[in-house]
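[1] Structure for the following, please:
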Amino acid sequence: MPYRLASGFLGAFPLAPCLAFATEANTPAAWLATGPAMIGFAALAVRGYRLGVTHEHSRVVIRGYLRTRVIERARITQITDFPAVRWTAGNGRRRWTPLTALMTSPGEMAASRLRKERALKKLRAWARRADVASGRS
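    Numbering: from 1, shown residues only. Just a heads-up that it's a prediction; the model follows:
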């Protein structure tokens, strides 16, 4: 839960000054100027809170700050150390999608880093099962 709150803080932190400015100014121009920013920061806070990677039987769902990507397990070619998923689109184009929720930083707590490393290890094992099933190595 603390990880979700910290990720959502990226949008919530700038939202508070925007809201304070708009309420203090109390003019239509101020609301017009800060309204789109407040909507964007609120969306960023919600997306940050929902940040994550889940894998199901045949696909992985990657929720990032800007978009959610669903990738079929058979299309995954590699899980990198970045961390990111390398995969091939239906048209044959090679793509990669960063796993923002599993990225670590230098000042991060050891428990948090360990949890992310375990999740990445599980994701790699899950993706390898597709390699075995399809005959890829």
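[2] what about the strands in this structure?
    52-55, 59-63, 68-72, 76-79, 84-88, 94-98 (DSSP state E).
[3] pLDDT score for the residue nearest to Ala12 when sequence neighbours are not counted?
    Nearest residue to Ala12 in three dimensions, chain neighbours excluded: Ala45, at 4.3 Å (C-beta to C-beta, 6 or more residues apart in numbering). Where you see a C-beta, it was placed from the backbone N, CA and C, and this is true even at glycine. Listed pLDDT for Ala45 reads 95.
[4] and what of Ala30?
    83.
[5] Using CSV, lay out the strands of the chain together with mean neighbour count, distance to Glu108 and mean pLDDT.
    Output for the strands of the chain, formatted as CSV (neighbours: other C-beta atoms under 10 Å; distance: least, C-beta to C-beta, whole Å; pLDDT from 0 to 100):
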stretch, mean neighbour count, distance to Glu108, mean pLDDT
strand 52-55, 17, 17, 96
strand 59-63, 18, 20, 97
strand 68-72, 14, 24, 97
strand 76-79, 19, 20, 96
strand 84-88, 19, 18, 98
strand 94-98, 13, 17, 97
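[6] For those strands, give me a markdown table that also has distance to Arg113.
    Shown next, in a markdown table, are the strands of the chain (distance: least, C-beta to C-beta, whole Å):
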| stretch | distance to Arg113 |
| --- | --- |
| strand 52-55 | 16 |
| strand 59-63 | 20 |
| strand 68-72 | 24 |
| strand 76-79 | 17 |
| strand 84-88 | 17 |
| strand 94-98 | 17 |
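[7] Ok, which of these comes nearest Leu15?
    strand 59-63 (19.7 Å; C-beta to C-beta).
[8] Restrict that closest one to CA atoms and write it as PDB.
    Taking Å, rounded to 0.1, in the frame of the first residue of the first chain, the C-alpha atoms of strand 59-63 are listed here in PDB:
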ATOM      1  CA  ARG A  59      -1.100 -12.300 -21.200                       C
ATOM      2  CA  VAL A  60       0.500  -9.600 -19.100                       C
ATOM      3  CA  VAL A  61      -1.200  -6.300 -18.200                       C
ATOM      4  CA  ILE A  62       1.200  -3.400 -17.600                       C
ATOM      5  CA  ARG A  63      -0.300  -0.300 -16.100                       C
END
